[in-house]
Each structure stands twice: as structure tokens, then as C-alpha cells.
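> Could you work out the structure for the sequence below:
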Amino acid sequence: MERKPQPPGDTYRIRCPRLGHQIPFSYCRTENRGLPCFKTLDCWFQHFEVEAYLRLEMTEEEWNKAFGGPPKPKMQSLLELIEQAKKGLEETS
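You can find the predicted model right below:
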């Protein structure tokens, strides 16, 4: 199978090791607050030239935020999401 430089459409899905079900690339591309999931490169490299595509689509700062460091522990990510939700509720009140 020849790898393509563009991502497949949303009808093409692969199993997400984090969620445990089939998802399209478009989900992985924006899952991390608008940035790609930290596992995007690992999950999609066999399906298309994901690194080349994302390097063209992202700024250096975005790349470093998404892939530059170790992933946050799940508990920390959950606590941050809870804080964001609280702030959102306070702003709408």
C-alpha cells in the first residue's frame, strides 16, 4: 500500500489505543485542545505521511506543544479540564 501525503477522509477510521474504538484522523488532529493527540504520529504513520503533513499544517510552537515533551499524566489532564469547565461556567454567570 502506497502512503499518501494527505490524510484519509473521515470514512477511513483506525482503532484508537486511548479510547478503544474506531476514529477518523480529523478527531486525532484536534483532540488536544485544537492540537493533535500526542499519539497521532505513532497511530497514523502506517496510513499516510502524517509527520510531513502535520509539519506543513502546524507552527513550530504548536508542534512543540503537541509533540515536544512527555505527555501529561491523565489525572493532571482531567484536573485541568475540570478547571477550564469551572472557569467557563463562571464567565457565563
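> ok, now which ones touch Glu31?
Glu31 is in contact with Cys37, counting by CB atoms under 8 Å, 6 or more residues apart in numbering. All C-beta atoms are positioned from the backbone trio N, CA, C, and that covers glycine.
> redo that, cut-off 10 Å
16, 18-19, 23, 37-40, 66 (CB atoms under 10 Å, 6 or more residues apart in numbering).
> Select only the buried ones of these in PyMOL?
Under the burial definition 16 or more other CB atoms under 10 Å, those of the contacts of Glu31 that qualify are selected in PyMOL by:
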select buried, resi 16+23+37+38+39+40+66
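> Give me the below-cutoff pLDDT ranges for this structure.
Residues of the chain that meet the criterion pLDDT under 70 lie in 1-4, 71-72, 93.
> Okay, helices next: where are they in it?
Along the chain, counting by DSSP state H, helices occupy 25-30, 40-44, 50-57, 60-67, 74-92.
> quick one: contacts of the second one?
Contacts of helix 40-44 with the rest of the structure, by CB under 10 Å, 6+ apart, involve 7-8, 14-18, 23, 25, 27-29, 31-32, 36-37, 50-51, 53-54, 66-67.
> Please check those residues and keep the buried ones.
Here, 16+ other CB under 10 Å leaves 7, 16, 23, 25, 27-29, 31-32, 36-37, 50, 53-54, 66-67 buried among those.
> coming back round to it: could you redo the contacts of Glu31 as a markdown table and give each row distance to Ile82?
Shown next, in a markdown table, are the contacts of Glu31 (distance: CB to CB, whole Å):
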| residue | distance to Ile82 |
| --- | --- |
| Cys16 | 22 |
| Arg18 | 19 |
| Leu19 | 19 |
| Ile23 | 23 |
| Cys37 | 20 |
| Phe38 | 20 |
| Lys39 | 22 |
| Thr40 | 24 |
| Ala66 | 22 |
